[in-house]
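**Q** For reference, the sequence and a predicted model appear below.
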Amino acid sequence: MAMVTSSKQTPLYDLHRQLAAKMTTFAGYQMPVQYKNGIIHEHLHCRSQAGFFDISHMGQCRVIGEGAAEALEKLTPGGIVDLKLGAQKYTVLTHAEGGVIDDIIVTRIASGLAIIVNAGCKDKDFAYLRSRLPADCGFEELSELALLALQGPSAASVMTKFSAEAAGLTFMQACAAEIAGVACTISRSGYTGEDGFEISLPQAAAERIAGLLLAEAGVEPIGLGARDTLRLEAGLCLYGHELNETITPIEARLQWLFKKGHSDFPGAEKILAQWQNGPERVRVGLLVEGRIPVRDGCRIYHQDQAVGTVTSGSFSPSLNRPVAMALLDGRFAANGTVLTALVRNSPILVTVTSLPFVPHRYLRT
């Protein structure tokens, strides 16, 4: 008899059902794809006002001890030791062949480091960190915590009503704060390209705090569908698409992650050689002619020669046209290069363009 595996639920599962969400299984969790107004409405609402996201499926953990930053420095392209208290960094865990185990967000806290990992990677990430951290570092899974996001140009004015400390942060800063008496860790960060916040808090309080945020004028719930189109427009990598264990950070054009002179991390020899000599393939943006999206897995051609593969593709509500990202042969990666995608054996013209498709609006100062 085949084993039946049931998907997990976030603390907001009942709330999603009350809000008439269309649910799907994602990374082992029952998650909302969209709500009653649909993906395009949700996407444009987040770009114009404020969107509320349940991201409690993500993994949260802590590395504890005075040597926490030094230990993680040796597993990433670096810069962890330079983080000040409350500062965050986006980085990647690399393996010996130069590929990416996961992309993560690291926050410097008083006891060490707080880390957020991707939902589909958390079991392997946690096992990897436990195996690679030195004995003087403690490791804690924070499975009792939920994670919420508030994103969009109105997010800051909403947050001001609940936490002056959080509203005073700038991009990639975090602080301990309270929302309606609930102790939270709030960061000014997100996955949409918009200004916004992520809120880590006890699962038991998640539904109450979600209700308070959703009761604010201009705040609407946003599902996974619009979360993906928002991050695609922002030119942000999605693990399993633009990043995986066979794609290096240089191929993904994440050179900006690297600390100058840092070479003591897994895969450094291959990765730094690619940085110096140029990789054979690179991540690019593609503007797609016509109205038909090119989806992930679609092959890209120069004349009859296959020169790359689409990693993410969708219709862009902000630009009112299809866009995509692809891993492309570096010889054809210059902006303005016109190539062909094959969709159901029909050729569609695509033009290489710079990323992001929609400018970021992070509050940096």
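**A** On my side now, so go ahead. The model shown is predicted, which means the values in this text are computed figures rather than measured ones.
**Q** what are the phi and psi angles of the residue nearest the centre of the chain?
**A** Central residue of the chain (Cα atoms, centre = their mean): residue 191, 5.1 Å from the mean position. Note on residue 191: its backbone torsions stand at phi -130, psi 30 [degrees, to the nearest 10].
**Q** give me every residue that touches it.
**A** Residue 191 makes contact with 55, 149, 151, 227, 230, 231, 234, 236 under the criterion Cβ atoms under 8 Å, 6 or more residues apart in numbering. C-beta coordinates here come from the backbone N, C-alpha and C atoms, glycine included.
**Q** Tell me the buried residues in the biggest strand by length in the chain?
**A** Taking DSSP state E as the criterion, the chain has its longest strand at strand 305-316. By 16 or more other Cβ atoms under 10 Å, the buried positions in strand 305-316 come out as 307, 308, 310, 311, 312, 313, 314, 315, 316.
**Q** The residue nearest to the last one when sequence neighbours are not counted is in what secondary structure piece?
**A** Going back to what we said before, that points to residue 316. The shortest distance from residue 316 to any non-neighbouring residue, by Cβ to Cβ, 6 or more residues apart in numbering, is to residue 323 (4.6 Å). Element membership for residue 323 (DSSP states H and E) is strand 321-329.
**Q** Can you name the next helix or strand after that strand?
**A** strand 338-343.
**Q** Tell me the secondary structure at residue 25.
**A** Secondary structure, DSSP: H, G, I helix; E, B strand; the rest coil: residue 25 is strand.
**Q** Could you count how many residues lie near the nearest residue to it once chain neighbours are set aside?
**A** Spatial nearest neighbour of residue 25, excluding adjacent residues (Cβ to Cβ, 6+ apart): residue 7 at 4.5 Å. Neighbours of residue 7 under the rule other Cβ atoms under 10 Å: 13.
**Q** Touching, residue 7 and residue 29? I think so.
**A** Yes - using Cβ atoms under 8 Å, residue 7 is in contact with residue 29, at 5.9 Å.
**Q** got the phi/psi numbers for the residue nearest to residue 257 when sequence neighbours are not counted?
**A** Excluding the flanking residues, the one nearest residue 257 by Cβ to Cβ, 6+ apart is residue 77, at 4.8 Å. When read as degrees, to the nearest 10, the backbone of residue 77 gives phi -70, psi 0.
**Q** where does residue 77 land on pLDDT?
**A** Confidence at residue 77, expressed as pLDDT, is 98.
**Q** Spit out the contact partners of it.
**A** Contacts of residue 77 (Cβ under 8 Å, 6+ apart): 91, 92, 94, 249, 257, 258, 259, 262, 265, 271.
**Q** So the closest residue to residue 274 other than its chain neighbours: helix, strand or coil?
**A** Distances taken as Cβ to Cβ, 6+ apart put residue 250 closest to residue 274, at 4.1 Å, once the chain neighbours are dropped. Here residue 250 is recorded as coil under three-state DSSP.
**Q** isn't residue 250 right up against residue 275?
**A** Yes - using Cβ under 8 Å, residue 250 is in contact with residue 275, at 5.2 Å.
**Q** In terms of neighbours, single out the busier of those two.
**A** residue 250 (25 against 16).
**Q** Relative to residue 279, how far out is the more buried one?
**A** According to Cβ to Cβ, to the nearest Å, residue 250 stands 5 Å off from residue 279.
**Q** can you check residue 86 too?
**A** Taking Cβ to Cβ, one finds residue 86 at 34 Å from residue 279.
**Q** Which secondary structure element is home to residue 106?
**A** Assigned by DSSP H and E, residue 106 falls within strand 100-109.
**Q** Check which helices and strands that strand is in contact with.
**A** Packing contacts for strand 100-109, counted by 3 or more Cβ pairs under 8 Å, 6 or more residues apart in numbering; DSSP states H and E, involve strand 88-94, strand 112-117, helix 122-132, strand 182-187.
**Q** 7 Å instead, please
**A** Contact here means 3 or more Cβ pairs under 7 Å, 6 or more residues apart in numbering; DSSP states H and E; on that basis strand 100-109 packs against strand 88-94, strand 112-117, helix 122-132.
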